[in-house]
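Visitor: predicted coordinates and the sequence they were generated for:
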Number of protein chains: 2
Amino acid sequence: MNLQAQPGSSGAGQYRILREADLRDYLAELPAIVTQLGGAPADWSISEVGDGNLNLVFIVKGRSGGIAVKQALPYVRLVGESWPLPLSRAHYEHLALVHHARLAPKLVPAVLHHDAPLALTAMELLEPHIIMRKGLIGATRYPRFVEDISTFLAQTLFFSSDLALSAAEKKEGIAAFAGNHALCKITEDLIFTDPYRIAEQNRWTAPYLDATAAAFREDLDLHVAISRLKLKFMASPEALLHGDLHTGSIMVTETETKVIDPEFAFYGPMGFDIGAVIGNLLMAYLASAGHERTQGERASFEAWLLDTIEGVWTEFSRKFLALWRGEAKGDGYPVSLFAGEAGAARLEAERQAYMARLFQDTVGFAAAKTIRRILGLAHNIDFEWITDEKQRAIGEARSLKLARNLMLETPSYTTIGAVTYAARELRHWQPDFAR
Amino acid sequence: MNLQAQPGSSGAGQYRILREADLRDYLAELPAIVTQLGGAPADWSISEVGDGNLNLVFIVKGRSGGIAVKQALPYVRLVGESWPLPLSRAHYEHLALVHHARLAPKLVPAVLHHDAPLALTAMELLEPHIIMRKGLIGATRYPRFVEDISTFLAQTLFFSSDLALSAAEKKEGIAAFAGNHALCKITEDLIFTDPYRIAEQNRWTAPYLDATAAAFREDLDLHVAISRLKLKFMASPEALLHGDLHTGSIMVTETETKVIDPEFAFYGPMGFDIGAVIGNLLMAYLASAGHERTQGERASFEAWLLDTIEGVWTEFSRKFLALWRGEAKGDGYPVSLFAGEAGAARLEAERQAYMARLFQDTVGFAAAKTIRRILGLAHNIDFEWITDEKQRAIGEARSLKLARNLMLETPSYTTIGAVTYAARELRHWQPDFAR
């Protein structure tokens, strides 16, 4: 496996894992960082806070400001050196951050410095932002979220698509990210394959979900559906995706939204990013009951969550369509074929049809993202933080039932309202083991 | 526009356009070529015979053998220096030839020498093969054709698809061909856009087809259909395509079939290659009446053509499915999700569904390939050699009527028999101008 950064991302120096003291010396040589932090390097506070699965993350604070420094490790941090992972992912993450910063500048952390050989990126410190998933567990509402995430999705997806780019520009983009296949492979295995077969790394809330997990491993209709989604994931480079856009990759305050960690970036199907957001919000909704201290205390928060889910699709769709109507400079759907009033009307109808197909993809991928979090390797704190295992399993069973339906009956979900309706119907459903 | 060969295709020397004398000196330095040709270089006969649109082609014959030498020009030969075209296409053509030679070794000319800086490839001389299109105009039957072309298609498409490759290998392949976008752009413009709008380069058999050409430029349903196909062409890298697989890219004898000229190669939708073969055979069928000296004299040849069209799909489909059943080492449709007898049966049903979708693509692309040859820039000698313009226009009008139907009513063509039936129905149809 290639542990080197890509040839394109040149720079002096060699890779080494930085300790806190090394980092201090390293940063002290960077004038822009020194200015940003303020004070003497010896006085900077440095702490390693990475709680993700893959990387080192340092928070560095000086007299006048702070930064976050992310360094990729040549293996999966969660597992150790036995699971190597290429450092080149830092290169792709940086490329994606630059793309996002150009298209949605207020919605991603500003990049202050990138060092390709060290697989290291220094960014604006996000304070007092918290990981959105934690905020949702605490029943906090984020009034800016729909507006911001729909802008992020519409801008980043539209402007990397065939609707905005020439075919040549698009192919260059695809080629630039093709080397990030090791990260794609994680998704291909952990989302699109393992939860549906016996795999050592799978886990679920036993014994309550044993029967459901076994049923998912036997359900051939589901296996066909997930295989079609996998093929779409692998071979539909519609746009540059974030690639891992769950609520743990979004940092929020009540007035700001920042999308972080695009190291899984590659050209794939747009519905994968949109479905990631919606699937994770659906899980937050069906996990919510498990966080109640008194029955019904989170009811209005839950209603807000459903409104938010509807808003994510509705606003994304509205903004994406507006961009298509106003900024379509790409080689797809050439405007010269839709001249005049009748042509404009026909193209508008086709735009609606395009969005309907994209919504179908979104529903399928939202379901896939849900199932992997309950039956696969990586779980969500939305559920994990429910300490009563039976209560946790009830929320998970509801989510699995919803996801299975979304995946098998995708064509019957033609609107986001149909999806939230189905979720609401399951909010009080009791699985057998709870009766 | 980049006129250089790709960085990867290294080699000493600089590009220069070779004249016959230069070529003699150049080849005399290549021991393998000297051996192949035999005799003294001064005695070799060299003639430039390129009748295609893009390149120089030399036939070189010595005492014991012959070779064909193809050199790319930095512009479109048909048009001249005003239409530049990157020399890198010779690099991609060579890559594709190597791919084809590995997977269908008897069905492509053997490559004897490649010089990247000169954009030059020396190949086995195909003798006494002729361009298949010419043979079909002469009502010659090719009993090996179905067997050979179906093998070529099944082997080259399957083994470059997600069914045979890991996602990482597939992405490497996509990236390796991403730079060939200038050739793709020709297809995007000339096949998927220009015939449906006013474009300077369009031509058709006037005045007979004036009304049809105008109707095609106004037909918004057709514009939606061609735009969907264009998007699929640009953003569905299912397999490594030949990219220009019409009957002018196939050389035949009654016992051999050789596929040549893959300079349009890129990762695209499989149906584009299959549709190219079928669309061009459908045109040969509907052009056939125009080559009659006495009515009905080509009837049995025409029946053979329809059988051949059916055989191309049927045999391709059979062979592709056999490869999928026996050689599926790729990341698509993981066999571990379809274990046991029930799993095997379900996967087989899904294979059939996959082929049904592929057939739909094939029908759509066959139609697109037909329309561009009658209303766009590049025409076929199948029609052009019909000197009576009205007779030519009758055949073209029948083809356009068929193609329009195939493109607009694609879902109703679920079998290749439905396609040949529709063609047969139109064989004696008279357009208004002929009545």
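Guide: The structure has been received and is ready for your questions. Numbering: from 1, shown residues only, chains lettered A, B, ... in the order given.
Visitor: of all the residues in stretch A:385-396, which ones are buried?
Guide: Residues of stretch A:385-396 classed as buried: A:386, A:391-396 (neighbour count, 16 or more other CB atoms under 10 Å in any protein chain shown). To be clear about C-beta, it is placed using only N, CA and C from the backbone, and glycine gets the same treatment.
Visitor: next one: stretch A:144-151
Guide: For stretch A:144-151, a neighbour-count test (16+ other CB under 10 Å) marks A:145-146, A:148-151 as buried.
Visitor: related to what we said a few turns ago, out of the buried residues of stretch A:385-396, flag the one nearest to chain B.
Guide: Nearest to chain B out of the buried residues of stretch A:385-396 is A:Glu396 (CB to the nearest CB; 21.6 Å).
Visitor: hey, where'd the helices end up in the stretch 251-400 of chain A?
Guide: Ranges of helices in the stretch 251-400 of chain A, per DSSP state H, counting those that start in this stretch, are A:270-287, A:299-327, A:340-375, A:381-384, A:389-408.
Visitor: who does the shortest one touch, helix- and strand-wise?
Guide: Think helix A:381-384. helix A:132-137, helix A:270-287, helix A:389-408 (3 or more CB pairs under 8 Å, 6 or more residues apart in numbering or on different chains; DSSP states H and E).
Visitor: do the last one and chain B meet at all?
Guide: No. Helix A:389-408 stays out of contact with chain B when judged by CB under 8 Å from any CB of the partner chain, the minimum separation being 13.3 Å.
Visitor: tell me what angle the next helix or strand after that helix forms with helix A:389-408.
Guide: Per DSSP states H and E, the first helix or strand lying C-terminal to helix A:389-408 is helix A:416-426. Helix A:416-426 and helix A:389-408 meet at an angle of 150 degrees, taking axes from the mean of the first three to the mean of the last three CA atoms, to 10 degrees as the criterion.
Visitor: and the helices and strands packed on helix A:381-384 as TSV, adding mean pLDDT and distance to A:Asp51?
Guide: What follows is the helices and strands packed on helix A:381-384, written out as TSV (pLDDT from 0 to 100; distance: least, CB to CB, whole Å):
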stretch	mean pLDDT	distance to A:Asp51
helix A:132-137	98	11
helix A:270-287	98	17
helix A:389-408	98	20
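Visitor: just the pLDDT at the closest residue to A:Ala182 other than its chain neighbours, thanks.
Guide: Once flanking residues are discounted, A:Ala182 sits nearest to A:Pro86: 5.1 Å by CB to CB, 6 or more residues apart in numbering or on different chains. In this model, A:Pro86 is scored at 96, pLDDT.
Visitor: and A:Pro86, how far is that from chain B?
Guide: Distance of A:Pro86 to chain B, given as CB to the nearest CB, to the nearest Å: 11 Å.
Visitor: burial of that residue, as a residue count?
Guide: 23 (other CB atoms under 10 Å in any protein chain shown).
Visitor: so it sits against A:Cys184, correct?
Guide: No. Using CB atoms under 8 Å, A:Pro86 makes no contact with A:Cys184, being 11.7 Å away.
Visitor: could you pull up the residues touching the residue lying farthest from the centre of chain A?
Guide: In chain A, the residue that sits farthest from the middle, by CA atoms, centre = their mean, is A:Gly340; the gap is 40.1 Å. Listed by CB atoms under 8 Å, 6 or more residues apart in numbering or on different chains, the contact set of A:Gly340 is empty.
Visitor: state the distance from it to B:Ile371.
Guide: Counting by CB to CB, to the nearest Å, the gap from A:Gly340 to B:Ile371 is 21 Å.
Visitor: swap in A:Ser161?
Guide: Distance from A:Ser161 to B:Ile371, by CB to CB: 26 Å.
Visitor: got it, and A:Arg404?
Guide: The gap separating A:Arg404 from B:Ile371 is 44 Å, by CB to CB.
Visitor: give me the below-cutoff pLDDT ranges for the stretch 51-200 of chain A.
Guide: Scanning the stretch 51-200 of chain A for pLDDT under 70 picks out A:52.
Visitor: what does the stretch 151-300 of chain A have sitting close to chain B?
Guide: A:162, A:167-168, A:170-172, A:174-175, A:178-179, A:181-182, A:184-185, A:188, A:193, A:196-197, A:220-221, A:223-224, A:226-227, A:230-231, A:234-238.
Visitor: break chain A down into its domains, please.
Guide: Split into domains by automatic domain parsing, chain A comes to A:37-124, A:130-434.
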